[in-house]
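Visitor: with the input below, show me the fold.
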Amino acid sequence: METFAELVEARAHDGRPGLRFEDRTYTWAEVVREARGRAALALATRRPGRPFHVGVLLDNVPEYVFWIFGAALAGAAVAGINPTRRGAELAADIRHTDCLFVVTDSGLSGLLDGLDLGAPVLLADDPGYRASVTGREDLPAAGRAARDPLLLLFTSGSTGAPKAVICSQGRLAEIGAHGSAFGIGPDSVTYVAMPLFHGNAVMANLAMATHGGAAVALRRRFSASGFLPDIRKYGVTYFNYVGRALAYILATPEHPDDADNTLAAAFGTEASARDMAEFGRRFGCHIIEGYGSSEGVIAINKDPGTPPDALGLPRPDMDLAIHDPDTGRECPRAIFGEARRLVNAHEAIGEIVRRGATFEGYYADPEADAQRLRDGWYWSGDLGYRDQDGYFYFAGRDADRLRVDSENFAAAPVERILSRYAPVVMCAVYAVPDPRTGDQVMATLELSGAFDPDDFAAFLRDQPDLGTKWAPRFVRLIEAMPLTATNKVDKNGLRRERWECADPVYWRPDRDPHYVPLTDAGRAALRRRFAETGRGNLLF
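Guide: Okay, the predicted model is just below:
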């Protein structure tokens, strides 16, 4: 099938469960009928010469699915609006995507009050709205082609302003066909708790369930404590995740019968090797980790021989490499020393790139497109390195570079080491300025218990693969890690605040191997040192 609309229409007479939400179950035929009502509403409001885009600002509720499917049937595109955005930034997202109207509900509509959206707002829980989408199954002719945009997916914005990634009808249909590789078929139940405005939920779950005829269980918002009860309630066999979702589920109290459930497989990105192994053991399911993004240009997956911390290998038809973003040249392969310590991080780490890529682009953002496509290569914006056997490793985002004592390295390898520390629930590593030159390493830790500075220092000394410049100079202890709406750590605020925060901060003064509390007097002394060396501007 060439379009996602064809996948939807193939379910029009399917009487099996298609969508479950809380205590309501819709058959696939009912889902398609609801989608046709949304398609008819969209087609009735279409304006010649204006982009055919519908904004959706909703939690994971059935109405969101009806609009994705309805947009496919109408030949429209859904712009998924992030409900964690606020004020002018939220309004800018809606205006940028040229929405004809925005669908929301009374629970979220307050976010739009007083904003200049350039589009009317429809409340999905208003009786008049319900009447406007009911009994409208006979759709006027709608032209649909594989290349037509279907989704405008905003990136998380964890390292910069979010951009709206275009996903076409054809690309989503092709992605849906991959569900068989995860065992998704008519007898499966998939669980969607990651937000539907993000590509992971739609591509790694909803599209594949639609292709396979599986039932989809929706969770309004992700809940670590609600995860296992939902799995048992709905009989879930597959779920998708992104970011730190596994870490949060593992932080809930363990029970002897946790593996007594229907789960067979999970697919996601960015979980640590420790979390994947522990999750599989505890819940009795197979964890499949891959690397990809909403742009859909690069895909790397593990095979049986993949080293524990590696992303894996690309498909044979993908020409991937690691390039130095400054020179454009390919980086040397990684060299590992004792205990697989990366000894040439300064030269091996670069940006993950692909030659000859087909990129559908960002909506109305030619500068962002040009940043991605340069000199015949697609530049992912992600850092990585590659070993002698060709396996790729993730090293962080393009803002995750550190330069300490003239040595260049990236945050992700350090984060992988810190995540081994037993009390760590989640960690973030990033650069803060050094009073003289370059950077120092700062780590923010979310812990399951109290912080013992001597025990932490002893842990670091025992890590044979910890680079000589990698040990954090500053350690911030935080009750809850700041996250994007897709459970990725949002480092922007952490970088800005540095050690000037209300949270407890420990540090190693003058390279002392022991951690001590950073006091107000210590902060004042640091500010004086920056002023004395002419680098005081870096603290503002």
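Visitor: from here on, contacts and neighbour counts on C-alpha atoms
Guide: OK.
Visitor: tell me where the stretch 351-500 of the chain has strands.
Guide: When secondary structure is read from DSSP state E, counting those that start in this stretch, the stretch 351-500 of the chain shows strands at 373-374, 377-386, 392-397, 401-404, 407-410, 424-433, 439-447, 474-477.
Visitor: which of the ones you listed has the lowest mean pLDDT?
Guide: Lowest mean pLDDT of the strands of the stretch 351-500 of the chain: strand 407-410, a mean of 82.
Visitor: strand partners (parallel or antiparallel) of that one?
Guide: strand 401-404 (antiparallel) (DSSP bridges).
Visitor: show me which helix or strand of the protein is least confident by mean pLDDT.
Guide: For the chain, counting by mean pLDDT, DSSP states H and E, strand 407-410 ranks last in confidence among helices and strands (a mean of 82).
Visitor: wait, Thr190 touches Val236, no?
Guide: Yes: here Thr190 reaches Val236: they are 5.7 Å apart, a contact under C-alpha atoms under 8 Å.
Visitor: need the overlap of contacts for the two.
Guide: Ala217 (C-alpha atoms under 8 Å, 6 or more residues apart in numbering).
Visitor: those two - which one has more neighbours?
Guide: Ranked by neighbour count (other C-alpha atoms under 10 Å), Thr190 and Val236 place Thr190 first, with 29 against 22.
Visitor: my guess is the more buried one is in a helix, correct?
Guide: No: the assignment for Thr190, made by DSSP: H, G, I helix; E, B strand; the rest coil, is strand rather than a helix.
Visitor: ok, now which ones touch it?
Guide: Contact analysis of Thr190 by C-alpha under 8 Å, 6+ apart lists Ile184, Asn205, Ala209, Ala214, Ala215, Val216, Ala217, Val236, Thr237, Tyr238, Phe239.
Visitor: put the alpha carbons of the longest helix seen in the chain into CSV.
Guide: Longest helix of the chain, by residue count under DSSP state H: helix 28-45. Backbone C-alpha positions of helix 28-45 (Å, rounded to 0.1, in the frame of the first residue of the first chain) are rendered in CSV as follows:
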residue,chain,number,x,y,z
TRP,A,28,-11.5,-0.9,14.1
ALA,A,29,-14.6,-0.3,12.0
GLU,A,30,-15.7,2.3,14.6
VAL,A,31,-12.3,3.9,14.6
VAL,A,32,-12.5,4.4,10.8
ARG,A,33,-16.0,5.7,11.0
GLU,A,34,-14.9,8.3,13.6
ALA,A,35,-11.9,9.2,11.3
ARG,A,36,-14.2,9.8,8.4
GLY,A,37,-16.2,12.3,10.4
ARG,A,38,-13.0,14.3,11.1
ALA,A,39,-11.9,14.0,7.5
ALA,A,40,-15.3,15.5,6.4
LEU,A,41,-14.9,18.4,8.8
ALA,A,42,-11.4,19.1,7.6
LEU,A,43,-12.4,19.0,3.9
ALA,A,44,-15.4,21.3,4.6
THR,A,45,-13.0,23.9,6.0
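Visitor: and for Thr237, nearest residue in space, chain neighbours not counted?
Guide: Leu263 (4.2 Å; C-alpha to C-alpha, 6 or more residues apart in numbering).
Visitor: what do you get for Glu9?
Guide: Per C-alpha to C-alpha, 6+ apart, closest to Glu9 is Val32, 7.1 Å.
Visitor: Phe69 too?
Guide: Using C-alpha to C-alpha, 6+ apart, the closest residue to Phe69 is Ala35 (5.5 Å).
Visitor: what sits against that neighbour?
Guide: Contact partners of Ala35, counting by C-alpha under 8 Å, 6+ apart, are Phe66, Trp67, Ile68, Phe69, Gly70, Ala71, Leu73.
Visitor: list just the nearest of these to Ala485.
Guide: Taking C-alpha to C-alpha as the measure, Ala485 sits nearest to Ile68 out of those, at 19.3 Å.
Visitor: that closest one - that's part of a helix, no?
Guide: Yes: Ile68: assigned to a helix according to three-state DSSP.
Visitor: please parse the protein into its domains.
Guide: Listed domain ranges for the chain are 4-290, 309-397, 408-539 (source: automatic domain parsing).
Visitor: which stretch among the ones you listed comes nearest Ile298?
Guide: Using C-alpha to C-alpha, those put domain 309-397 closest to Ile298, at 7.1 Å.
Visitor: what separates the closest one from the chain centre, distance-wise?
Guide: Domain 309-397 sits 18 Å away from the centroid of its parent chain (C-alpha atoms, centre = their mean, to the nearest Å).
Visitor: quote the end-to-end distance of that domain.
Guide: 17 Å (C-alpha to C-alpha, to the nearest Å).
Visitor: swap in stretch 196-210?
Guide: 14 Å.
Visitor: next: stretch 309-329.
Guide: Across stretch 309-329, first to last residue, C-alpha to C-alpha, it's 25 Å.
Visitor: what mean pLDDT does it have?
Guide: For stretch 309-329, the per-residue pLDDT averages 94.
Visitor: may I see the buried residues of stretch 411-429?
Guide: 411-420, 423-429 (16 or more other C-alpha atoms under 10 Å).
Visitor: show me what contacts the residue nearest to Gly284 when sequence neighbours are not counted?
Guide: Excluding the flanking residues, the one nearest Gly284 by C-alpha to C-alpha, 6+ apart is Ala259, at 4.9 Å. The neighbourhood of Ala259, defined by C-alpha under 8 Å, 6+ apart, consists of Arg281, Arg282, Phe283, Gly284.
Visitor: selecting buried members of these in ChimeraX, what would you type?
Guide: The buried residues among the contacts of Ala259 can be selected in ChimeraX (16+ other C-alpha under 10 Å) with this line:
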select :282,283,284
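Visitor: low-confidence ranges in this structure?
Guide: Scanning the chain for pLDDT under 70 picks out 141, 156-161, 406, 540.
Visitor: how does it look with 50?
Guide: By pLDDT under 50, the low-scoring segments of the chain are 158-159.
Visitor: tally of neighbours for the residue nearest to Glu9?
Guide: 26.
Visitor: wait, doesn't it sit right on Phe69?
Guide: Yes: using C-alpha under 8 Å, Val32 is in contact with Phe69, at 7.4 Å.
Visitor: please enumerate the shared neighbours of the two.
Guide: The contact lists of Val32 and Phe69 share Val8, where a contact means C-alpha under 8 Å, 6+ apart.
Visitor: how about the closest residue to Arg232 other than its chain neighbours, secondary structure?
Guide: Excluding the flanking residues, the one nearest Arg232 by C-alpha to C-alpha, 6+ apart is Asn261, at 5.9 Å. Three-state secondary structure (criterion: three-state DSSP) places Asn261 in coil.
Visitor: quick one, what contacts Asn261?
Guide: Ile231, Arg232, Gly235, Phe283, Gly284.
Visitor: now, among these, which is nearest to Leu115?
Guide: Nearest to Leu115 among these, with distances taken as C-alpha to C-alpha, is Ile231, at 38.9 Å.
Visitor: now do the one helix or strand that closest one maps to: which elements does it pack against?
Guide: Using DSSP states H and E, the element containing Ile231 is helix 224-234. Under the contact definition 3 or more C-alpha pairs under 8 Å, 6 or more residues apart in numbering; DSSP states H and E, helix 224-234 sits against helix 245-250.
Visitor: export the helix it packs on to CSV, keeping only CA atoms.
Guide: C-alpha atoms of helix 245-250 as CSV (Å, rounded to 0.1, in the frame of the first residue of the first chain):
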residue,chain,number,x,y,z
ALA,A,245,11.0,5.8,30.4
LEU,A,246,12.5,2.4,31.3
ALA,A,247,14.5,4.0,34.1
TYR,A,248,11.4,5.5,35.7
ILE,A,249,9.5,2.2,35.5
LEU,A,250,12.5,0.4,37.1
